[in-house]
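Peer 1: Would you be able to build a 3D model of this:
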Amino acid sequence: MPSPTPIAPASNEARIMRMPREQRPKPTAKYLLKKLAQCLGLASLMLVMNYGDLLGGGSDVRMHVPFALAHIAWAQLLGIIVLGGALFLVLAPLSQTAIYPWVKLVLAMLAPPYLIWRMQDLMPFVEENGLVPIFFAVWCAFIVFLLTRYKRFYNSVMKLGDVIGVFLFVFALCSAGQLLWVMKWRPGIYQRNATWENAAQTPRAHKKLVWIIFDELSYDQVFEHRAHGLGLPHFDELRNESTVFTDAQPIGYKTVRIIPSLLTGKVVDDYRFNMDNSFVVHYAGEHGWQPVRGDNTVFGDAQRDGWRTAIVGWYNPYCTIYGDAVDQCYFMNLDRIDGLMSQKDTVWRNTWSPLEQMVREVRAPAKADHRACNYDVKQRLMTHLNLEQHWKDVLKTDQADFVYLHMSIPHSPNVWSRIEDDYTQECYSSYLDSLALADRELGIVLDELRSSPRWKDTTLIVQGDHSWRVDLWDFLPSWTAEDNTASKDTFDPRPAVIVHEAGQTVPQTNGTAWPLLRMHDVVEDTLKGVPVVY
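Peer 2: Down below sits the predicted model:
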């Protein structure tokens, strides 16, 4: 009798491909609720880069927008629900099929690297060193290694992921609570109309001070190492009848600290913008927090000396903070919020746009970045044109004595094209294009001021709040080859500073290391009518 044929042992390949056996849970209400909670938690983490600035009260966003954020917060809540619901509708049915262990394997391999990739802006070392692909490869190899060699540990990892999914739901609930809290915020005023706008006014016979902040205006790029072929005729014209500071020493790096420092005359090293729109700061070398209002700035001093005051500004909520000492005020900022959301868009559009962008980021990351950059340009252009119309009106009426203008140029994103000699809504122009736009705007200002009988009594200050922060922009999609050539990969910290005193006709140069904070004293001396000492 022949002996039975022995059964060959399973090959190594068969063992490798075999998944651990799982008992498929019944789709009870408790199980489905748990699965939904996990999907909502995962969705909230996937979208957190879109609304992270609103968490913790969203003070940084609140300080820079003129309108309520309720529809933005609603959009983010809807986004979490839509994405979480979509994940649930896919995963819940799959959990009852034989392929679900493979689905879990794919999720385990893809989810952590994807979340790190989505949040790499918060982890500079990951972004700068390109570690996401490396982490993805190592993580996938680790999971496969556990599956093929240590199934018990693999099962433990899968169970841990299941528990983490539940804890993510707690994160989603906390996020929802904070978004609901932001909805309660009510912005302060963004416009204050002067009484002189209500009727025709006689020509004003008072001295005049116009103080212009060109955001991110670099002395090096405007005067010292101007790019070949970049014409800035109005800056050159103003320089020929003004004092130019060749070594202005910056106050700081960020506008939110520099502006209140200039207005109060003290260096601000920290700040808080509270839910009631009160603004408190910490002054370097002093103890405690101090409130900032128009009354304790140059605007208050101007009013007490009989000057009419007017502000048209970007980025900072000028009318809310300083409005108590300003006769006429306008503030606007329509820049997009993280996740391609706009204060002017509908709730549905603000819900859909970030979700659509997520899909684009996976399919074509470079195109997605360019699309986001184009969106930035369009929003900034609307801001710029809106502000331009208001400061033109202020200068044309010629009723304000102390005019403060904070312009959004040449700060990125760039909205002007030298090639087209016109505004652009595409993300391809450079800092040099923005300098050309700044020169154009300066020309409009000069034409309006010189047409006034008060020009001989007008002091004009033109300055940057800080210089061109190359290291802040050189890794973004808006950075161009022309930017790279002009910057020489070097940050020159000197902001451009030009002071035209009333009646000045000859150029002067101040080559000392001049602290920018002293501009506060220049303004105060001008308001008091005493000789300016640099």
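Peer 1: okay, CA-based contacts and neighbour counts for the rest of this
Peer 2: OK.
Peer 1: Quick check: the gap between I134 and C140.
Peer 2: 10 Å (Cα to Cα, to the nearest Å).
Peer 1: let me redo that: Y154
Peer 2: With Cα to Cα as the criterion, Y154 and C140 are 12 Å apart.
Peer 1: just V48 next, same as before
Peer 2: 24 Å.
Peer 1: again, but for T397
Peer 2: Counting by Cα to Cα - T397 and C140 are separated by 67 Å.
Peer 1: Please apply the same query to D369.
Peer 2: If you go by Cα to Cα, the gap between D369 and C140 works out to 26 Å.
Peer 1: who's more crowded, I134 and C140?
Peer 2: Just comparing I134 and C140: by other Cα atoms under 10 Å the higher neighbour count belongs to C140, 18 against 11.
Peer 1: show me what contacts the more buried one?
Peer 2: M109, L110 (Cα atoms under 8 Å, 6 or more residues apart in numbering).
Peer 1: quick one: W211 and D471, what's the gap?
Peer 2: For W211 relative to D471 (Cα to Cα), the value is 28 Å.
Peer 1: Would you mind telling me which of the two has more residues around it?
Peer 2: More crowded of W211 and D471, by other Cα under 10 Å: W211, with 18 against 12.
Peer 1: ranges for the strands of the stretch 151-300 of the chain?
Peer 2: For the stretch 151-300 of the chain, the strands defined by DSSP state E, counting those that start in this stretch cover 191-192, 208-214, 243-245, 248-249, 268-273, 279-283, 290-291.
Peer 1: in which helix or strand would I find V138?
Peer 2: Using DSSP states H and E, V138 sits in helix 131-149.
Peer 1: Could you pull out the buried residues of that helix?
Peer 2: V132, F135, F136, W139, C140, I143, V144, L146, L147, T148 (16 or more other Cα atoms under 10 Å).
Peer 1: Kindly report the same for stretch 410-421.
Peer 2: P410, H411, S412, P413, N414, V415, W416, S417, R418.
Peer 1: Quick one: name whatever helix or strand follows the helix or strand bottoming out on mean pLDDT in the chain.
Peer 2: For the chain, the helix or strand with the lowest mean confidence is helix 12-17, at a mean of 47 (criterion: mean pLDDT, DSSP states H and E). Using DSSP H and E, the helix or strand that follows helix 12-17 in sequence is helix 29-46.
Peer 1: by contact count, what packs against that next one?
Peer 2: Applying 3 or more Cα pairs under 8 Å, 6 or more residues apart in numbering; DSSP states H and E, one finds that helix 29-46 contacts helix 70-94, helix 100-118, helix 151-183.
Peer 1: Tell me which of the ones you listed sits nearest to S342.
Peer 2: Across those, S342 has its closest neighbour in helix 70-94 (7.8 Å, Cα to Cα).
Peer 1: V281 reaches N274, doesn't it?
Peer 2: No: using Cα atoms under 8 Å as the test, V281 is too far from N274 to be in contact (11.0 Å).
Peer 1: quick one, which of those two is more surrounded?
Peer 2: The residue with more neighbours, out of V281 and N274 and counting by other Cα under 10 Å, is V281; that gives 20 against 16.
Peer 1: How about the contacts made by the more buried one?
Peer 2: V268, D269, D270, Y271, R272, W289, Q290, P291, V292.
Peer 1: Would you mind checking those residues for buried ones?
Peer 2: Buried among the contacts of V281 (16+ other Cα under 10 Å): V268, D269, Y271, R272, V292.
Peer 1: Can you pull the poorly scored residue ranges out of the stretch 1-150 of the chain?
Peer 2: For the stretch 1-150 of the chain, the stretches with pLDDT under 70 are 1-25, 124-129.
Peer 1: Swap in 90 and give it another go.
Peer 2: 1-31, 52, 56, 95-96, 98, 101, 116-136, 149 (pLDDT under 90).
Peer 1: related to what we said a few turns ago, and of the strands of the stretch 151-300 of the chain, who's closest to W117?
Peer 2: Here strand 268-273 is closest among the strands of the stretch 151-300 of the chain (Cα to Cα), at 30.8 Å.
Peer 1: Quickly run through the sheet partners of the closest one, with directions.
Peer 2: strand 279-283 (antiparallel) (DSSP bridges).
Peer 1: sorry, back to before: got TSV for the buried residues of helix 131-149, with distance to M63 too?
Peer 2: Output for the buried residues of helix 131-149, formatted as TSV (distance: Cα to Cα, whole Å):
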residue	distance to M63
V132	33
F135	37
F136	38
W139	40
C140	43
I143	45
V144	48
L146	49
L147	50
T148	53
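Peer 1: Quickly find the element holding the residue nearest to R418 when sequence neighbours are not counted.
Peer 2: Of all residues not flanking R418 in the chain, D433 sits nearest, at 5.7 Å (Cα to Cα, 6 or more residues apart in numbering). Element membership for D433 (DSSP H and E) is helix 431-450.
Peer 1: Distance of M119 relative to M49?
Peer 2: 6 Å.
Peer 1: before we move on, what about I143?
Peer 2: Counting by Cα to Cα - I143 and M49 are separated by 27 Å.
Peer 1: Next: K396.
Peer 2: On the measure of Cα to Cα, K396 and M49 end up 43 Å apart.
Peer 1: more crowded one of the two?
Peer 2: Using other Cα under 10 Å as the criterion, K396 and M49 rank with M49 on top: 18 against 15.
Peer 1: Which residues outside the host helix or strand of the more buried one are in contact with it?
Peer 2: Using DSSP H and E, M49 falls within helix 48-51. Applying Cα under 8 Å, 6+ apart, the contact partners of helix 48-51 are A73, Q76, R118, M119, I337, D338, G339, L340, P354.
Peer 1: and after that helix, which helix or strand comes next?
Peer 2: helix 59-62.
Peer 1: Which residues belonging to that following helix are considered buried?
Peer 2: Residues of helix 59-62 classed as buried: S59, V61, R62 (neighbour count, 16+ other Cα under 10 Å).
Peer 1: can you check stretch 383-395 too?
Peer 2: Neighbour-count burial for stretch 383-395 [16+ other Cα under 10 Å]: T383, H384, L387, E388, H390, W391, V394, L395.
Peer 1: same deal with stretch 229-243?
Peer 2: Quick answer for stretch 229-243 (16+ other Cα under 10 Å): L232, H234, F235, L238, R239, N240, E241, S242, T243.
Peer 1: Tell me which of the buried residues of stretch 383-395 fall in strands.
Peer 2: Of those, none are assigned to strands by DSSP state E.
Peer 1: burial measure for R336, as a count.
Peer 2: R336, neighbours per other Cα under 10 Å, totals 19.
Peer 1: ok, now which ones touch it?
Peer 2: Counting by Cα under 8 Å, 6+ apart, R336 has contacts S342, Q343, Y375, D376, Q379.
Peer 1: H466 versus that one, what's the distance?
Peer 2: Counting by Cα to Cα - R336 and H466 are separated by 22 Å.
Peer 1: For the closest residue to A248 other than its chain neighbours, give me the pLDDT.
Peer 2: Leaving out its chain neighbours, the residue that sits closest to A248 by Cα to Cα, 6+ apart is W514, at 4.7 Å. Predicted confidence (pLDDT) for W514: 97.
Peer 1: In contact with W514: list those residues for me.
Peer 2: With Cα under 8 Å, 6+ apart, W514 has these contacts: F245, D247, A248, Q249.
Peer 1: what about the closest residue to L147 other than its chain neighbours, how many residues close to it?
Peer 2: Spatial nearest neighbour of L147, excluding adjacent residues (Cα to Cα, 6+ apart): Y154 at 5.5 Å. Per other Cα under 10 Å, the neighbour tally for Y154 reads 20.
Peer 1: Cool, thanks, signing off.
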